[in-house]
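Enquirer: Coordinates for the following, if possible.
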Amino acid sequence: MSPDTSSVRTAYKVRGSELVGRNWLNTGGRQLDLEALRGKIVLLDFWTFCCINCLHVLDELRPLEEEYRDVLVTVGVHSPKFEHEADPDALAAAVERYEIEHPVLDDPELQTWQAYAARAWPTLVVLDPEGYIVAHLSGEGHAAGLRSLVAELVAEHEAKGTLHRGDGPYVAPPAREGDLRFPGKVMPLPNGNFLVGDSGHHRLVELGPDLSSVVRTIGSGVRGYADGDADNAQFNELQGLGLLPAELAEEVGYDVVVADTVNHRLRSVNLGTGKVGTLAGNGVQRLLDAETARSTEQPTELGTDALNISLSSPWDVVYHPAGKVIVAMAGTHQIFSFDPRTSAVSVFAGTGLEGLADGAAHESWFAQSSGLSIDAQGTVWVADSETSALRSITTDERGQALQVSTAIGTGLFDFGFRDGPAEQARLQHPLGVANLPDGSVAVADSYNGAVRRYDPVTQTVSTLAKGLKEPADVLLDDSVDGDPVLLIVETNAHQLVRIPVPAEALSVDKGASQTQRPRTKVRSGQHRITVRFAAPSGQKLDDRWGDPTQLKISASPEELLLEGAGTSVGLERTLSLNPDVPEGVLHITARAAACDGEPGGEIPDHAACHLYQQDWGIPVLLDAEGDQQLELDLRGVN
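Expert: Modelled structure (predicted):
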């Protein structure tokens with residue numbers, strides 16, 4: 001375990017590598033380099049726009065950027081995971097969609113990513129005003145530690161005369177006009193209209209059947225959080241919408257449940273009055289606490305005091321006929337449920353570990369689930385975006401989750417655009433799902449710009465439509481008479497479109513792909529893993545229940561590891577790598593818990609506590625000249 005050294009820095013200094021990529025965004029056309037940033041504290045944020053943890057970091061950094069706007073320059077280094085994310089137009093849209101107010105370097109070949117030894121999304125690297133690397137952080141939840149580190153650097157370099165105050169290089173892009181801005185999810189209303197989550201405008205929009213006439217809006221259109229009437233209520237990048245049955249709506253006093261994603265809340269809307277309320281979530285992103293982080297047994301019943309329960313980026317919601325709302329909790333890689341009558345919040349499926357693992361509902365793994373639907377048998381269908389997968393959860397007569405199965409998809413780094421037998425078919429970051437009358441399932445295959453169809457009888461995949469701009473949701477449009485028609489939310493075209501279901505679907509095969517990350521050469525035999533962690537100033541490791549650190553290691557294929565797999569306390573492990581397996585991926589999860597308090601002292605009562613966690617997938621290639629040790633940074637401070 002790394003010592004609790006707070007943010008004391010050594011005399012060992014390494015200069016930051018130059019920032020190299022294809023282009024710059026948010027700079028007014030200016031090409032930046034480190035020399036132009038000298039005198040500022042520079043925070044490099046290695047991110048990719050598919051990644052929910054990266055989106056969390058964008059929001060964590062906003063207050064810090066505002067507080068230190070005259071001395072701190074954040075540079076987003078966009079290092080894509082999926083093929084679509086390397087498209088410069090798609091990146092520009094993402095920068096606009098998430099209202100990123102700092103320069104962004106487009107790094108499609110991962111040149112700067114490799115130069116700074118980034119191994120995970122997100123990774124943060126801090127450079128001091130003289131251009132030296134002072135911290136290397138992985139994962140989210142570092143805002144408090146960064147604030148103390150920046151304050152120390154300001155004091156140090158102001159005294160040395162090396163800090164330059166003044167405006168940074170950010171240049172705002174032109175504002176977009178239009179009724180919709182990056183719409184996310186859509187829901188049909190009983191009156192024949194459609195309710196749209198106008199995510200980029202932070203509001204709901206009711207559209208007429210022509211999909212263009214605005215009947216009304218709900219929400220002020222300003223990013224924030226506020227309950228109240230339709231004109232004054234506030235949302236923050238809202239996504240999923242779920243309609244309650246009329247009798248239940250009359251009983252509980254609202255009609256619609258809204259996944260208010262960045263506010264980490266479930267909201268309610270009364271369609272008659274337009275009044276907005278809060279159903280669940282306290283606005284604090286859900287993390288495991290220091291004690292439960294040590295256990296693989298997580299609670300499934302979270303209680304009925306819903307307004308005091310933390311959620312994490314709810315992305316979609318759907319009503320289950322057993323009387324509960326199912327929630328895709330993207331931020332914790334789980335599926336939750338909410339009971340409108342009792343306000344009970346429960347974990348419906350998923351352990352919280354990110355990946356693709358089927359089986360019993362509470363032993364399964366998901367990865368940033370983003371779309372939900374319910375079929376006639378009560379089965380929950382899930383668009384599991386980060387594994388590019390279509391999953392299903394069977395339920396009993398009470399609506400309890402039973403088994404999780406995968407229809408399409410193989411893992412976190414496998415994707416593509418391929419139809420045919422389901423076991424060979426590939427999606428690319430799907431976000432929406434809908435059940436069709438014939439029992440098949442339509443999938444909004446977002447990063448392929450397509451709507452795909454899965455037939456559970458023949459277990460085959462085909463394509464219903466392509467050439468779309470990041471479709472985020474799909475539904476069967478019952479408002480159109482005659483032949484079946486799909487209604488699609490075309491997010492990056494800022495519109496909803498109708499497309500007839502073709503009599504004969506297309507068969508597309510553009511191949512299967514894997515995320516291309518640099519492979520680390522390693523020697524077979526003993527291999528030492530070390531994760532660096534230093535608690536921020538004003539925090540100490542939370543040792544009230546024993547060692548507050550944990551390391552979980554596995555490999556694919558499993559045969560790569562002869563010894564060293566499993567979960568144990570501490571942040572160091574010796575592995576034994578199989579010489580007969582030439583390559584594979586090491587999956588490493590590190591956790592460390594720290595609370596407010598000084599090293600060597602007691603943790604005060606009611607102290608704020610923090611869980612630092614990161615998952616790495618390290619591709620390795622066995623080589624006689626390779627390394628025998630690997631050092632990773634959870635929170636490494638030089």
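
Enquirer: hey, let's count contacts and neighbours off CA atoms from now on
Expert: Fine.

Enquirer: For stretch 304-324, what is the spacing between the initial and final residues?
Expert: 13 Å (Cα to Cα, to the nearest Å).

Enquirer: Tell me the buried residues in it?
Expert: Within stretch 304-324, the residues scored as buried using 16 or more other Cα atoms under 10 Å are 304, 306-307, 309-321, 323-324.

Enquirer: Just list the residues touching residue 380, thanks.
Expert: 372-374, 392-395 (Cα atoms under 8 Å, 6 or more residues apart in numbering).

Enquirer: Report pLDDT for it.
Expert: Per-residue pLDDT puts residue 380 at 98.

Enquirer: low pLDDT regions in the protein?
Expert: Applying pLDDT under 70 to the chain flags the ranges 1-12, 287-299.

Enquirer: May I ask you to name the longest helix in it?
Expert: The longest helix of the chain (DSSP state H) is helix 143-160.

Enquirer: who touches that helix?
Expert: The contact list for helix 143-160, computed with Cα under 8 Å, 6+ apart, reads 7, 41, 60-61, 64, 71, 128-129, 163, 535-537.

Enquirer: Direction included, what does whichever helix or strand comes after that helix pair up with?
Expert: Using DSSP states H and E, the helix or strand that follows helix 143-160 in sequence is strand 186-188. Using DSSP bridges, the strands paired with strand 186-188 in its sheet are strand 194-198 (antiparallel).

Enquirer: just how off-centre is the strand it pairs with within its chain?
Expert: Centroid displacement of strand 194-198 relative to its chain, using Cα atoms, centre = their mean, to the nearest Å, is 22 Å.

Enquirer: just stretch 121-129 next, same as before
Expert: 19 Å.

Enquirer: again, but for stretch 476-494
Expert: Distance, stretch centre to chain centre, for stretch 476-494: 27 Å (Cα atoms, centre = their mean).

Enquirer: What residues of that stretch count as buried?
Expert: In terms of neighbour count (16+ other Cα under 10 Å), stretch 476-494 has its buried residues at 476-477, 484-494.

Enquirer: closest to residue 76 among those residues?
Expert: Closest approach to residue 76 among these (Cα to Cα): residue 492, at 20.8 Å.

Enquirer: which residues touch the closest residue to the closest one other than its chain neighbours?
Expert: Spatial nearest neighbour of residue 492, chain neighbours left out: residue 469 (5.2 Å); criterion: Cα to Cα, 6 or more residues apart in numbering. Residues near residue 469 by Cα under 8 Å, 6+ apart: 446, 449, 490-493.

Enquirer: now the buried residues of stretch 476-494 in CSV, with distance to residue 259 and secondary structure?
Expert: CSV is the format used below for the buried residues of stretch 476-494 (distance: Cα to Cα, whole Å; DSSP: H, G, I helix; E, B strand; the rest coil):
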residue, distance to residue 259, secondary structure
476, 21, strand
477, 22, coil
484, 28, coil
485, 26, strand
486, 23, strand
487, 20, strand
488, 19, strand
489, 16, strand
490, 19, strand
491, 17, helix
492, 20, helix
493, 22, helix
494, 20, coil
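
Enquirer: what's the closest of those to residue 627?
Expert: Set against residue 627, the nearest of the buried residues of stretch 476-494 by Cα to Cα is residue 492 (43.8 Å).

Enquirer: Can you pull the phi/psi pair for the closest residue to residue 561 other than its chain neighbours?
Expert: Spatial nearest neighbour of residue 561, chain neighbours left out: residue 577 (5.0 Å); criterion: Cα to Cα, 6+ apart. Phi and psi for residue 577, reported as degrees, to the nearest 10, are phi -90, psi 140.

Enquirer: Can you give the contact residues for stretch 551-565?
Expert: By Cα under 8 Å, 6+ apart, stretch 551-565 touches 566-578, 581, 583-591.

Enquirer: Quick one: end-to-end length of that stretch, please.
Expert: 10 Å.

Enquirer: which residue ranges form the helices in the protein?
Expert: Counting by DSSP H, the segments of the chain that form helices are 52-67, 88-97, 111-115, 143-160, 246-252.

Enquirer: could those helices be laid out in a markdown table, adding mean neighbour count?
Expert: Listed next are those as a markdown table, based on neighbours: other Cα atoms under 10 Å:
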| stretch | mean neighbour count |
| --- | --- |
| helix 52-67 | 17 |
| helix 88-97 | 17 |
| helix 111-115 | 18 |
| helix 143-160 | 16 |
| helix 246-252 | 12 |
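
Enquirer: so can I have a markdown table of those helices showing distance to residue 283?
Expert: A markdown table is the format used below for the helices of the chain (distance: least, Cα to Cα, whole Å):
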| stretch | distance to residue 283 |
| --- | --- |
| helix 52-67 | 13 |
| helix 88-97 | 21 |
| helix 111-115 | 32 |
| helix 143-160 | 16 |
| helix 246-252 | 22 |
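
Enquirer: Out of those, the one nearest residue 612 is which?
Expert: Closest to residue 612 of those is helix 143-160 (Cα to Cα; 10.8 Å).

Enquirer: correct me, but residue 443 touches residue 436?
Expert: No: assessed by Cα atoms under 8 Å, residue 443 is found out of contact with residue 436, at 10.5 Å.

Enquirer: More neighbours: these two, which one.
Expert: Between residue 443 and residue 436, counting by other Cα atoms under 10 Å, residue 443 is the more crowded of the two (31 against 17).

Enquirer: quick one, what contacts that one?
Expert: Residue 443 neighbours (Cα under 8 Å, 6+ apart): 383, 390, 430-434, 451-454, 474.

Enquirer: Swap in 7 Å and give it another go.
Expert: The contact partners of residue 443, by Cα atoms under 7 Å, 6 or more residues apart in numbering, come to 430, 432-434, 451-453.

Enquirer: Tell me the one among those nearest to residue 499.
Expert: Closest to residue 499 out of those is residue 451 (10.0 Å), distances taken as Cα to Cα.

Enquirer: Is the closest one in contact with residue 467, as I believe?
Expert: No: counting by Cα atoms under 7 Å, residue 451 sits too far from residue 467 to count as a contact (9.4 Å).

Enquirer: Quick check: residue 371 vs residue 318, distance?
Expert: 9 Å.

Enquirer: rewinding a little: wait, the residue nearest to residue 561 sits on residue 528?
Expert: No: Residue 577 is beyond contact range of residue 528, at 10.4 Å (criterion: Cα under 7 Å).
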